[in-house]
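Enquirer: build me a model from this:
(chains A, B, C and D)
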Number of protein chains: 2
Amino acid sequence: MATQARERLIATAEALFYQRGIQAVGISELIDASGVGRASFYRHFDSKDALVHAVLRHRNERALAAFEAALAGSDGSPLGVFDVVAERYGQADFRGCAFINAMVEAADRGSETHRIARAHKLAQIEIIARLLEQAGHSPSEELAGDFQLLIDGAVMGVLREGNLEPVERAKQIAAKLLSL
Amino acid sequence: MATQARERLIATAEALFYQRGIQAVGISELIDASGVGRASFYRHFDSKDALVHAVLRHRNERALAAFEAALAGSDGSPLGVFDVVAERYGQADFRGCAFINAMVEAADRGSETHRIARAHKLAQIEIIARLLEQAGHSPSEELAGDFQLLIDGAVMGVLREGNLEPVERAKQIAAKLLSL
DNA sequence: GCCGTTCGGAACCGATCAGTACCGTTTGCG
DNA sequence: CGCAAACGGTACTGATCGGTTCCGAACGGC
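Expert: Below is the predicted model:
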């Protein structure tokens, strides 16, 4: 049995939180969905907030790894980041960026949730910056920030319109930035 | 006394919803803060959802009017939209775009909340498109969409970093788009 | 085979949720 | 003056919230 309960809770919570929002998912529902005893939940997490933070940290690691892996499998062009995010945003269960959503729900700018979400974005910017450097663009920190701004704008566009056109739009803007 | 209760409820709810999030504000708290009787609330609104929609519709009208008014008071340059949003996002109580936040919290893409938020963004794109046309850019629908994408990306950046640098970043990108 | 840990299940806690019903008062209009 | 509508305040509903506690079963290492 090892300590499956924690992993099951995080996996179930990650899915439920993303689909319906963090505040909208109660502990009881999470416990029922994960098949874990109520007591087991509080053995692994001090509070719902602690679970939320653990879920975000777990998703941060997974998302960054998947992002880098997808980039490694592409042609190495910086513009490939938009193709990578397009594939993620094209999923049927797409509901925006989990970290943006968490940051919005948290409301408190000084919360741990906000800190984790911000750290995720900064890490992603760092990945993009390295990709830009490898493609011969430097200094690439500012350009990487521009790319992240375009990605975040595209996320909201996709969430709003329900299609991937905003990602293509962002990609074309990024292409113009590279050609200057 | 006229029918002050409704206006007071909407004004109080608009402030509380924006500051702390829609789900985080309960009916009782809203009633206490607005000084309205509990019964009066349900005389004016069938449910909390109905209030949420009324608040968003009210904010939509106010925000669009303020946006157009601020633009009318500027030099007419399309890039002025970024100065306008910078002033709004520089407020001490800034907590992102109320419509984006509502859309994120709503989770359901088919909800009325989602519909209202989307309509607000489309209306704002229309205003930007007209501004672009007046400046001699056409067809400006696509360019206006690019501006909106940049604005939404900047909102998330400001919320994340706590300063207005992302707005300046977005403005410079927009300037490059105009010069092409 | 025994012991300690981890587990799932359930009962229970006070607080709060959205929503309803009834109260007496104030208000504006005829 | 008198009536009707709108009002603020209170008490209440059933449901759900996050969190605590106890129990008995299943498990792994020695």
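
Enquirer: if we ignore the residues flanking it in sequence, what's nearest A:Asp83?
Expert: Of all residues not flanking A:Asp83 in the chain, A:Ser74 sits nearest, at 6.7 Å (C-beta to C-beta, 6 or more residues apart in numbering or on different chains). C-beta: built from backbone N, CA, C; applies to glycine.

Enquirer: of all the residues in stretch A:71-86, which ones are buried?
Expert: Buried residues in stretch A:71-86, counting neighbours by 16 or more other C-beta atoms under 10 Å in any protein chain shown, are found at A:Leu71, A:Pro78, A:Leu79, A:Gly80, A:Val81, A:Phe82, A:Asp83, A:Val84, A:Val85, A:Ala86.

Enquirer: okay if I get those as JSON lines plus secondary structure and pLDDT?
Expert: JSON lines is the format used below for these (DSSP: H, G, I helix; E, B strand; the rest coil; pLDDT from 0 to 100):
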{"residue": "A:Leu71", "secondary structure": "helix", "pLDDT": "97"}
{"residue": "A:Pro78", "secondary structure": "coil", "pLDDT": "97"}
{"residue": "A:Leu79", "secondary structure": "coil", "pLDDT": "98"}
{"residue": "A:Gly80", "secondary structure": "helix", "pLDDT": "98"}
{"residue": "A:Val81", "secondary structure": "helix", "pLDDT": "98"}
{"residue": "A:Phe82", "secondary structure": "helix", "pLDDT": "98"}
{"residue": "A:Asp83", "secondary structure": "helix", "pLDDT": "98"}
{"residue": "A:Val84", "secondary structure": "helix", "pLDDT": "98"}
{"residue": "A:Val85", "secondary structure": "helix", "pLDDT": "98"}
{"residue": "A:Ala86", "secondary structure": "helix", "pLDDT": "98"}
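
Enquirer: if we only consider the residues you listed, which is nearest to DNA strand D?
Expert: Distance to DNA strand D across the buried residues of stretch A:71-86 (C-beta to the nearest atom of the strand) is lowest for A:Val85, with 30.4 Å.

Enquirer: what's the most distant pair in the buried residues of stretch A:71-86?
Expert: Maximum pairwise distance in the buried residues of stretch A:71-86, criterion C-beta to C-beta, is 14.5 Å, between A:Pro78 and A:Ala86.

Enquirer: can you pull the domain assignment for chain A?
Expert: As given by automatic domain parsing, the domain ranges for chain A are A:1-45, A:47-178.

Enquirer: write out the residues of chain A neighbouring DNA strand C.
Expert: Contact residues, chain A versus DNA strand C (C-beta under 7 Å from any atom of the strand): A:1-6, A:8, A:35-40, A:43-44.

Enquirer: lowest pLDDT pick from those?
Expert: Across the residues of chain A next to DNA strand C, the bottom pLDDT score, 42, is held by A:Ala2.

Enquirer: residues touching whichever residue of chain A sits closest to DNA strand C, list them.
Expert: Residue nearest to DNA strand C within chain A (C-beta to the nearest atom of the strand): A:Gly37, separated by 2.4 Å. By C-beta atoms under 8 Å, 6 or more residues apart in numbering or on different chains, the contact list for A:Gly37 reads A:Ala5, A:Ile31.

Enquirer: roughly how far does it sit from B:Glu126?
Expert: 54 Å (C-beta to C-beta, to the nearest Å).

Enquirer: go on, A:Glu142?
Expert: On the measure of C-beta to C-beta, A:Glu142 and B:Glu126 end up 31 Å apart.

Enquirer: what about stretch A:12-28, start to end distance?
Expert: The first and last residues of stretch A:12-28 sit 12 Å apart, counting by C-alpha to C-alpha, to the nearest Å.

Enquirer: I should have written stretch A:132-145 there, sorry.
Expert: 11 Å.

Enquirer: burial of whatever residue of chain A ends up closest to DNA strand D, as a residue count?
Expert: Chain A approaches DNA strand D most closely through A:Gly26 (2.6 Å), counting by C-beta to the nearest atom of the strand. Counted with other C-beta atoms under 10 Å in any protein chain shown, the neighbours of A:Gly26 add up to 11.

Enquirer: much appreciated, bye for now.
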